[in-house]
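[1] Any chance you can model this:
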Amino acid sequence: MILTSSAFENGGQIPAKYTCDGQNISPPLAWSALPPGTKSLVLFVDDPDAPDPANPKMDWTHWLLYNIPPEVSSLSEGISHLPKGTLPGWNDFRKTAYGGPCPPIGTHRYFHRLYALDIALPDLGMASMREIENAMDGHVLGKAELVGKYRR
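    Next up, the predicted model:
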């Protein structure tokens, strides 16, 4: 599986447009080479460096989407209407929508992780990343990762 963004390269800087210092909209994402038998996709965007990269204490969740149909191969910049069947999870901003990078100190890493599953998950409601991970257990066919960095 391959996960890319036309807005930044893997390991590169996330443009301010996609952060709390800009428009705070989701970056464009695209993927390919899904494993055979993929029934749904899960997207997590999180920051393991919170609150301070020199002394991280938590993994801050920025965006959670699950049950993305396997026919979908991208999410457009600033997406406002999710693909049919896609469900949002509950992020650490206490929202179901994308929340961009807004690090209080230092350069943080933002992991965009896409998982291919052999099932569609049940409606988990306002699920957290951990709850979605638990539901995915034993059903992951493949994973792709894209890491962006941001410093205010």
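[2] any idea of the mean pLDDT in stretch 33-48?
    Averaged across stretch 33-48, pLDDT comes to 98.
[3] gap between it and the chain center?
    Taking CA atoms, centre = their mean, to the nearest Å, the mean C-alpha location of stretch 33-48 is offset from the chain mean by 9 Å.
[4] Just the element for the spatially closest residue to H108 that is not a sequence neighbour, please.
    In this structure, H108 finds its nearest non-sequential neighbour in D49, 4.3 Å apart by CB to CB, 6 or more residues apart in numbering. Using the backbone N, CA and C atoms, a C-beta is placed for each residue, glycine as well. For D49, the element it lies in under DSSP states H and E is strand 40-50.
[5] which helices and strands sit right next to that strand?
    Secondary-structure packing of strand 40-50 (3 or more CB pairs under 8 Å, 6 or more residues apart in numbering; DSSP states H and E): strand 58-68, strand 108-117, helix 129-136.
[6] can you rerun that using 6 Å?
    Using 3 or more CB pairs under 6 Å, 6 or more residues apart in numbering; DSSP states H and E as the contact criterion, the elements in contact with strand 40-50 are strand 58-68, strand 108-117.
[7] Just name whatever secondary elements the longest one is in contact with.
    The reference is to strand 58-68. Contact here means 3+ CB pairs under 6 Å, 6+ apart; on that basis strand 58-68 packs against strand 40-50, strand 87-88, helix 129-136.
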